[in-house]
Every structure is written in structure tokens, then in C-alpha cells.
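> Model the structure of this input:
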Amino acid sequence: MNQRFSDEPALKQGFVNDFKIGAAVNPLTIRTQESLLAYHFNSMTAENEMKFVSLHPEEQTYTFEAADRLVEFARTHGMAMRGHTLVWHNQTSDWLFRDGQGGTVSKDVLLERVREHIHTVVGRYKNDIYAWDVVNEAIADEGEALLRTSKWTEIAGPDFIAKAFEYAHEADPQALLFYNDYNESNPQKRDKIYALVQSLLEQGVPIHGIGLQAHWNLYDPSLDEIRAAIEKYASLGLQLQLTELDVSMFRFEDRRTDLTSPDPAMLELQAERYEAVFRLLMEYRQIISGVTFWGAADDYTWLDDFPVRGRKNWPFLFDAAHQPKPAFERVAALVKEKRS
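Model (predicted):
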């Protein structure tokens with residue numbers, strides 16, 4: 001047992017019969033947070049290293065080194081691994097959409113290129129990655145349109161979504177395949193996500209789950225909205241996973257930059273929020289198969305640069321020194337309550 005953490009219960013152990021407990025990692029954090037990750041987590045996701053531009057920067061060039069290091073870390077520590085992500089409108093190499101003359105490729109060429117990419121990537125990791133976020137963030141946030149406008153829709157129309165799932169299933173028939181999106185508890189976007197996934201199922205597309213990114217904050221979304229989203233998605237008969245969970249100290253529209261550390265009231269609100277969220281997740285543990293944080297501890301979080309660049313945030317159960325916060329204590333107490 002890791003002596004540093006031996007006085008606190010392992011997070012993964014508390015939920016071992018309920019759902020996997022994961023963290024997003026990168027080549028830096030598997031070094032700086034290794035003990036924390038190994039002790040508390042039994043699943044991991046590459047933060048950026050498996051996105052298209054990271055793995056396939058040029059048509060004839062694959063760069064697997066960083067992703068391979070993460071896979072080896074998971075293997076060494078006996079952790080499950082999720083793949084993230086195969087098709088996305090961001091962090092995708094420009095060459096994918098261009099022909100040799102600098103023009104836009106045809107739909108057939110685009111689909112053949114993405115098929116080759118998915119077969120290569122999913123095939124490489126088929127013995128290590130049990131689940132993939134196949135398509136990420138394809139839904140339009142606002143308005144009546146179902147899908148966001150992107151190079152994918154401009155060239156291939158909506159067909160690229162079903163094709164991506166089909167290619168991933170061909171490459172690894174055992175992998176669990178997810179559609180993944182944010183603002184998943186917002187009623188309007190929730191209904192769009194539901195409509196998309198329902199249409200995929202009606203087409204016979206091999207999709208096994210919905211990923212709720214769960215980039216939440218101390219105040220939003222409401223627990224009622226989260227519950228309603230879980231209920232709606234679960235009615236499709238698929239499994240659900242929280243794929244990118246963090247609880248920001250700030251509302252999204254809050255641009256304050258004066259805080260250098262969280263005050264006790266904020267830490268208490270965060271503790272109450274995490275307890276309420278995990279209590280809710282426990283109700284749906286027959287449906288929810290994984291809860292992955294988008295990071296592990298407050299020393300590293302993408303929220304330090306989003307939506308306010310350079311503003312420190314503290315969204316996790318562990319502080320910058322990897323010590324448990326009040327939120328961890330509250331979740332750990334929930335585990336004890338469950339067992340009593």
C-alpha cells in the first residue's frame with residue numbers, strides 16, 4: 001500500500017461494485033501525480049494524446065509515442081483505459097479535409113481517410129482500451145439545428161457519425177463505443193443528444209453508451225436537471241458514463257480573477273455539491289458504469305485557462321498537494337454510509 005495515502009480510503013475501492021473511478025492524464029501528470037493516480041483511480045483517459053492531431057499530424061505520419069506511454073502506465077498500474085476521441089471538430093489535422101491541390105476533399109475520400117485512421121488507432125490499442133469516445137461534441141448548442149456546423153457536416157453531412165461508429169466496431173468488436181458531449185444536462189441539448197442517439201440506434205449503428213462530460217460548477221446544472229438527463233438517456237437502454245467530471249468554483253459567466261485560493265465557504269459548497277452528485281450517481285449505479293474526472297488534483301486542471309486564461313481553479317477532490325479536500329471527505333463518508 002502507498003504509505004502516503006494509507007490513512008485515507010481509496011476512492012476506487014469505495015465504488016468498486018458500482019462504477020469505475022477514472023482520471024484524465026497526460027505525460028506530465030502520470031509523473032507528478034503517479035502515487036495519487038495509482039492509489040485512488042482504476043481507470044484513465046488521455047487528456048489530449050489520443051486526439052486526431054496528436055496521433056496523426058500528417059497523412060503518412062502517426063505519432064504514437066505519448067499515447068503509448070499513457071497506455072503503458074495504465075497497464076503497469078492495472079488500470080482500465082478509455083480512448084478519447086476519434087472524431088471531433090477540434091484538434092483535428094487540417095490535411096484530413098484537403099486534397100492535393102488545397103481544395104476540399106470529397107465525402108468518399110474523407111470517410112475512407114477516417115476509416116483508415118480509426119482502424120489504425122483502435123486496432124493498435126484493442127487489447128488495452130475497453131471503451132472509446134467515438135464521436136465528440138457533434139450537437140449544436142443553440143437553435144433548431146441538430147448538428148453543429150463543421151468540416152465534417154459540410155463535407156459528409158450527418159453520415160460521418162454512423163460511419164465512425166461502424167469503423168470503430170470493425171476495428172475492435174469488443175470495445176464499448178460512446179457518443180460524448182458537454183452541456184448534456186441542459187434540457188434543450190439533452191433532447192438533441194437523445195434524438196441523435198435514438199436515430200443511430202434505429203439505424204442499427206453499434207453504439208453502447210452516452211458520455212456525459214459533466215463539466216459542472218458549484219451552482220449549475222441543478223440536480224433535477226442532472227437526474228432528468230440520466231433518466232432520459234437511460235431510457236434508450238444504453239450505459240452511461242460521466243467522462244470529464246469537474247466542479248468549477250465559478251459560474252461559467254463569472255470572470256472574477258481576485259482569488260488566489262478557495263475560501264472555506266467555497267470549499268464547503270463544493271463538498272456539498274460533490275456529495276449530492278455522488279449520492280445521485282449511486283441511485284443509478286446499474287446504468288452508470290464509469291465516473292471519470294477531467295484531472296485528478298488541483299495542481300493541474302484545464303480550468304486554469306478556461307474560460308478565463310490564467311485564473312486558478314480548484315475543481316477536484318484533492319488539492320494541489322494531492323491531499324484530500326472537504327469534498328473527498330464527504331464522498332468518503334457517503335461510501336461508509338452505503339456500507340452501514
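
> Would you map the helices across the stretch 101-250 of the chain?
For the stretch 101-250 of the chain, applying DSSP state H, counting those that start in this stretch gives helices covering 107-124, 151-156, 159-171, 187-202, 223-234.

> got JSON lines for the ones you listed, with distance to Thr61 and mean neighbour count too?
No exception for glycine: its C-beta is placed from N, CA and C like everyone else's. Shown next, in JSON lines, are these (distance: least, C-beta to C-beta, whole Å; neighbours: other C-beta atoms under 10 Å):
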{"stretch": "helix 107-124", "distance to Thr61": "12", "mean neighbour count": "17"}
{"stretch": "helix 151-156", "distance to Thr61": "20", "mean neighbour count": "18"}
{"stretch": "helix 159-171", "distance to Thr61": "20", "mean neighbour count": "21"}
{"stretch": "helix 187-202", "distance to Thr61": "32", "mean neighbour count": "17"}
{"stretch": "helix 223-234", "distance to Thr61": "38", "mean neighbour count": "17"}
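
> Please identify the buried residues of the helix or strand of the chain with the lowest mean pLDDT?
Every helix and strand in the chain was compared by mean pLDDT, DSSP states H and E; the lowest is helix 326-339, with a mean of 90. Residues of helix 326-339 classed as buried by neighbour count (16 or more other C-beta atoms under 10 Å): Pro326, Ala327, Phe328, Arg330, Val331, Ala332, Leu334, Val335.

> For Ala131, state which of those is nearest.
Minimum distance to Ala131 across these is 23.2 Å, recorded for Val331 (C-beta to C-beta).

> was I right about that closest one contacting Ala10?
No: contact criterion C-beta atoms under 8 Å: Val331 and Ala10 do not qualify, at 11.9 Å.

> hmm, back to that, what's the least confident helix or strand of the chain packed up against?
Secondary-structure packing of helix 326-339 (3 or more C-beta pairs under 8 Å, 6 or more residues apart in numbering; DSSP states H and E): helix 11-14, helix 264-283.

> next helix or strand past the shortest one?
The C-terminal neighbour of helix 11-14 among helices and strands, as given by DSSP states H and E, is strand 20-25.

> For the helix or strand just after that following strand, give me every contacting residue.
Remark: after strand 20-25, the chain's next helix or strand is helix 29-32, criterion DSSP H and E. The contact list for helix 29-32, computed with C-beta atoms under 8 Å, 6 or more residues apart in numbering, reads Leu37, Glu47, Arg69, Leu70, Phe73, Gly295, Ala296, Asp299, Tyr300.

> send the alpha carbons of helix 29-32 over as CSV?
The C-alpha trace of helix 29-32 is given here as CSV (Å, rounded to 0.1, in the frame of the first residue of the first chain):
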residue,chain,number,x,y,z
THR,A,29,0.7,14.1,-14.6
ILE,A,30,1.5,10.4,-14.8
ARG,A,31,4.8,11.5,-13.3
THR,A,32,3.7,14.3,-10.9
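
> helices and strands around the helix or strand following it, which ones?
Downstream of helix 29-32, the next assigned helix or strand under DSSP H and E is helix 34-40. Counting contacts by 3+ C-beta pairs under 8 Å, 6+ apart, helix 34-40 packs against strand 20-25.

> The strand it packs on pairs with which strands?
Strand pairing for strand 20-25, using DSSP bridges, gives strand 43-46 (parallel), strand 288-293 (parallel).
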